[in-house]
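Enquirer: got a sequence here, can you model it:
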Amino acid sequence: MIPEGTSEIEATVRAVLVDVLALDRARVATFRADTPLFGALPELDSMAVAGVLTELEDRLGIVIEDDEVDGEMLETFGALVTFAAGKALV
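Expert: Numbers count the residues shown, from 1 in each chain. This next block holds a predicted model:
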């Protein structure tokens with residue numbers, strides 16, 4: 001479940017996935033909260049994770065600490081949006 005009031009953050013996460021992973025914009029537009037990411041998207045490998053997180057930091061003005069990065073936050077689109085929203089709305 002994606003938290004209420006996070007539509008701007010959700011849009012930013014979608015844009016980062018398109019820009020960093022070179023995913024099709026129309027494909028990313030269909031992502032729902034339960035859409036699997038890490039392990040399901042070949043483009044999102046361990047090397048690409050760093051690029052996605054760095055770009056989220058830049059665009060949202062947040063800092064993601066190394067110890068906050070785990071498989072759970074990247075498991076689904078909703079989990080990534082929820083994580084980003086939790087950092088950005090603090």
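Enquirer: right, and D34 touches E75 too?
Expert: No. In this structure D34 lies outside contact range of E75 using Cβ atoms under 8 Å: 9.6 Å. For every residue, glycine as well, the C-beta is placed using N, CA and C.
Enquirer: neighbour count for the two, which is higher?
Expert: Using other Cβ atoms under 10 Å as the criterion, D34 and E75 rank with E75 on top: 16 against 12.
Enquirer: not counting sequence-adjacent ones, nearest residue to the more buried one?
Expert: F38 (6.2 Å; Cβ to Cβ, 6 or more residues apart in numbering).
Enquirer: just to revisit the earlier point, what is in contact with D34 and E75 at once?
Expert: When Cβ atoms under 8 Å, 6 or more residues apart in numbering defines a contact, no residue borders D34 and E75 alike.
Enquirer: the residue nearest to E75 contacts A48, doesn't it?
Expert: No. Counting by Cβ under 8 Å, F38 does not reach A48; the two are 9.4 Å apart.
Enquirer: out of those two, which sits in the busier spot?
Expert: Neighbour count, other Cβ under 10 Å: between F38 and A48, F38 has more, with 20 against 17.
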